[in-house]
Every structure is written in structure tokens, then in C-alpha cells.
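> I'll drop the sequence and a predicted model, then ask my questions.
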Amino acid sequence: MPMTEFRHEKFRLRHFVPDDAVALARHAGNRNVWQNLQDDFPHPYTHEHAAQWIATAINATPPTHFAIDVNGEAVGAIGYRILPGGYNAEIGYWLGEEFWKQGIATAAMGLMVEHIFSQFNIMCLVANVFEFNHASIRVLQKHGFRLIGWQTATKGGRRVQQIIYSRGRCADRGMLNS
Ligand SMILES: CC(C)(COP(=O)(O)OP(=O)(O)OC[C@H]1O[C@@H](n2cnc3c(N)ncnc32)[C@H](O)[C@@H]1OP(=O)(O)O)[C@@H](O)C(=O)NCCC(=O)NCCS
């Protein structure tokens, strides 16, 4: 399978390799990362979780999840899943806390959005973000995502409000859930 890789002056987006598990577990095992991610993201995040995630990512065809690599280390992830029907996709991402506020997520999002819309027949890209996640909301806004709705979600046993952002030709929320 051809390697898909995206280069930026501060990082690379590349395929995962099994050896990423140690770094991934370290960066993902941070509560400040976890608290902004969907409830199924494990915490504590063990080496086993990382290895399992990497195995799934490596086996996906085409590759849908990429390591955010800074200086040879996997310090985060960005990827998407195609929703039922094939025309809508959901994007997700996280970055190790020590790399926050350097513009990395904004740049990675730009590369991934371009990849998704140019390579696949995707019409609508969505992202679900907790209302308190101001950094992620900024990343989405800077890439032209628009607020299309709200929904209630559970996070760590609490009810939280989640905002649905979308970019592209998105019919309505009903279509996204189909
Ligand atoms: C969200 C996340 C990916 C942002 O990564 P990042 O590389 O720090 O983001 P950037 O440096 O590209 O900054 C994006 C914007 O958010 C702003 N920002 C960063 N941290 C912020 C904060 N705590 N509060 C408000 N704005 C913030 C930046 O100033 C920038 O906006 P600007 O260009 O208008 O100044 C990172 O914080 C993260 O991984 N968080 C935990 C997991 C997560 O939230 N994933 C997304 C789930 S929807």
C-alpha cells in the first residue's frame, strides 16, 4: 500500500507503526487531553490501549488515522471515519499537551481536511466538540466549520453540551445520523 504522508515545518502526519505505542500512551494518558475527548476514549490510557489503537489504524484501508509526529515521536493523532451512506465523515484529533498552542492542530486540520475532500467522495465533514473546548472550537472555525447544532453527551459520568460543527455540503442533522 502506498504511504500517505503530509509534511509541515513543525510536524509530519504519517502512518502509525507499532513502536509508537509507548509515546502514544504517554501523551494520550493525560487527563487534560482525555477530558476533551468523547467518553469512549480510555483513561487511564495504557500501553495496551495504544497498541490496540495502532493495530486498528495500521489495518485500515485506506488509512484513516494518522500520527502527528514531532521530531520522530508520535505526539497526537488526527483522522476521520466515514459515516453510514458514504458521503459524510467525522473528523477527530488530539495533541499531547506539551505541544499545545503552537499552531500544530490548526495546520494538521488544514492538511487533513484537504486530503479528505480531495481524495474521497465526501460532501460533508462534521466534528463534535464539547462546549467548553475553546481551543478546538477555534481550530474548527479557522477552517470554515459552521455550527449546525447542539446535543447532550455524557463525559466521565456528567451530562455535557456538545456542539456539532460541519464543513461542506451538509443537508441537515438528520442526514448525519442516518
Ligand atoms: C484542541 C487541540 C487539538 C488544539 O491544539 P493546538 O495545537 O494547541 O491548537 P492551535 O495551537 O492550532 O490553536 C488553535 C486556536 O485555539 C486557540 N487556543 C489554544 N488553546 C486555547 C485555550 N485553552 N483557550 C482558548 N483558545 C485556545 C489558539 O490561540 C488558536 O487560536 P488563534 O489562532 O485564534 O490564536 C488541543 O488543545 C488538544 O489536543 N486538546 C485535547 C483533545 C481535544 O480537545 N481534541 C479535540 C476534540 S473535538
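Received the coordinates, thanks. The model shown is predicted, which means the values in this text are computed figures rather than measured ones. Numbering: from 1, shown residues only.
> Please count neighbours and contacts with C-alpha atoms only from this point.
OK.
> Can you pull the phi/psi pair for residue 87?
Phi and psi for residue 87, reported as degrees, to the nearest 10, are phi -100, psi -10.
> Determine the number of other residues adjacent to it.
Residue 87: 17 surrounding residues under other CA atoms under 10 Å.
> Kindly format the C-alpha coordinates of the longest helix anywhere in the chain as PDB.
Ranked by residue count under DSSP state H, the longest helix found in the chain is helix 104-119. C-alpha atoms of helix 104-119 as PDB (Å, rounded to 0.1, in the frame of the first residue of the first chain):
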ATOM      1  CA  ILE A 104       0.000  22.400  15.200                       C
ATOM      2  CA  ALA A 105      -3.600  21.300  15.400                       C
ATOM      3  CA  THR A 106      -4.700  24.200  13.100                       C
ATOM      4  CA  ALA A 107      -2.100  23.200  10.500                       C
ATOM      5  CA  ALA A 108      -2.800  19.400  10.800                       C
ATOM      6  CA  MET A 109      -6.500  20.100  10.400                       C
ATOM      7  CA  GLY A 110      -5.900  22.000   7.200                       C
ATOM      8  CA  LEU A 111      -3.900  19.100   5.700                       C
ATOM      9  CA  MET A 112      -6.500  16.500   6.700                       C
ATOM     10  CA  VAL A 113      -9.500  18.500   5.500                       C
ATOM     11  CA  GLU A 114      -7.900  19.000   2.200                       C
ATOM     12  CA  HIS A 115      -7.000  15.300   2.000                       C
ATOM     13  CA  ILE A 116     -10.500  14.100   2.900                       C
ATOM     14  CA  PHE A 117     -12.300  16.400   0.400                       C
ATOM     15  CA  SER A 118      -9.800  15.800  -2.400                       C
ATOM     16  CA  GLN A 119      -9.400  12.100  -2.200                       C
END
